[in-house]
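Student: What follows is a predicted protein model with its sequence.
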Amino acid sequence: MDKQTTIEGLYKTIGFFNYDSSEIQNIKDKMERYTLDDNDKKFLNNSYHSEYINIMFENSTVERLYRELDYELKIEKLNISIKLDKLEIFLFNEDFKKEKLGIFSLSYNIENRNIENLSDISNALNRYDTSIIYKKKTYKLKEFISENILNNKRFYEENSPSEQYLGSRFKNYIVIDFDHDQAKRDDLLYEIGTCSKIGTIKHNDLNSPTIAYKNKMLENTIACFNNYTGLALLDSFTVVGSNNYKKQDIYSHKGWDDIYYSIYIFNLYMKCTLQMLSNDFSKNPMNKRKEFQKFYNNCFYNKIAFNFLPNELHHCMGKGLEIQDDINFISNRLDTLATQINENQQKQQELLLLVISVIALIEIPLLLDSFREMLGIENIILYNICVYVLLFTTISSFILIKIKHIKNK
């Protein structure tokens, strides 16, 4: 493979933030609202399930915004300039959540790059603290995005629930198209998908992955056609192909830049939401239980489309993000919580029965007094002493036995 062969494709980095309606308005004022033309609506209605369309394309559950950009950045350590073309924001308007989730993505122009260039660029722009130069001023990448693109929204603050999921890296969405040896495609997928340098596998040195690890990472690929293969990992979705993507081809560009990209955003939203639920579950488990149930009923679909390819992409992306594992984990915690709640309710019921029983026992002397009169016992003082000592002993023993029984449950 000639490393100097130029590539065509898409490169997007994706970040997350939490927001409330008031603080996000200043960002929204500078952006355009995403809309569908009649042809897009017809295509989506004929291809995708209505529930998924309503979430990702109808601006009901998700408000989609975009803004065309023309920024030239220089990656300081590489001394390479790169153009930033577009900002997209997806605002998920879940009325049942206090802290709503926003996802933003930045589209970089990678035309006329070679594969080694792209590898170095994606490795650098994947990190928050990469030093970049914009208009002769040096920034950390996260600070540049906050100050110049997101109206000083500090998405990287450590106390943000979404930031706990993301860490200090962006997610990568990469679709590249160039002439290459298909026998080497798996190596390229691994190296680009994991932000490794091109040639890492070929060099077979201490930094190269073992065959077992490489094969494990490549288990989650999608290869429905010979002209491309996709790889979904926790931090990236990568497609390497030939004659698969052309920017001038409206169908291939629209497919990978919008339609299929929306599936990835949808899966990232599910992953981040599940991670936030899992992280804060113990703080207010009853509220988290309600959130999870609403989220699951609203967003978890086995299939999103009538055609096979979107469903294959959806399953592949979800598997790479380990979404089903997170759902199973939270479901198990909910089952444990339900058992705990039932046990607590049972203890409360038993305590209530104990109180009722004690009240009933207290009324016994009144009944016994009538019984004394029937027996003709005249020594009231002696009779009462015997009765109350016996009653006190009985009630004390009853209470101690019940309390011990409740504690042992």
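Tutor: Perfect, thanks for sending it.

Student: mind listing what's buried in the host helix or strand of Asn298?
Tutor: Assessed by DSSP states H and E, Asn298 sits inside helix 285-299. Neighbour-count burial for helix 285-299, counted by 16 or more other CB atoms under 10 Å, picks out Pro285, Lys288, Arg289, Glu291, Phe292, Phe295, Cys299. Quick note: C-beta positions are derived from backbone N, CA and C, even for glycine.

Student: now swap in stretch 225-244 and tell me
Tutor: 228-233, 235-242, 244.

Student: Just flag the most distant two among those.
Tutor: The distance between the two most remote of the buried residues of stretch 225-244 (CB to CB) is 24.8 Å, for Asp235 and Ser242.

Student: closest to Pro209 among the buried residues of helix 285-299?
Tutor: Out of these, the member with the shortest distance to Pro209 (by CB to CB) is Cys299, at 34.1 Å.

Student: Can you classify the closest residue to that closest one other than its chain neighbours as helix, strand or coil?
Tutor: Excluding its sequence neighbours, the residue lying closest to Cys299 (CB to CB, 6 or more residues apart in numbering) is Met270, at 6.0 Å. Of the three states, Met270 takes helix under DSSP: H, G, I helix; E, B strand; the rest coil.

Student: Let me see the contact set for Met270.
Tutor: Cys299, Phe300, Gly318, Leu321, Ile323 (CB atoms under 8 Å, 6 or more residues apart in numbering).

Student: Ok, Tyr11 next?
Tutor: With contact set as CB under 8 Å, 6+ apart, Tyr11 has these partners: Ser107, Tyr108, Ile110, Leu118, Ile121, Ser122, Leu125, Asn172, Tyr173, Ile174.

Student: and Tyr34, how many neighbours?
Tutor: Other residues near Tyr34 come to 18 when the count uses other CB atoms under 10 Å.

Student: what do you get for Tyr245?
Tutor: Tyr245, neighbours per other CB under 10 Å, totals 23.

Student: so it touches Tyr251, yeah?
Tutor: No - with contacts counted by CB atoms under 8 Å, Tyr245 stays clear of Tyr251, the gap being 10.3 Å.

Student: quick one: the strands in the stretch 151-300 of the chain?
Tutor: For the stretch 151-300 of the chain, the strands defined by DSSP state E, counting those that start in this stretch cover 171-177, 221-225, 228-232, 236-241.

Student: Any buried residues in the helix or strand harbouring Ser122, and which?
Tutor: For Ser122, the enclosing helix or strand under DSSP H and E is helix 115-125. By neighbour count, with 16+ other CB under 10 Å as the criterion, the buried positions of helix 115-125 are Ile115, Asn117, Leu118, Ser119, Asp120, Ile121, Ser122, Asn123, Ala124, Leu125.
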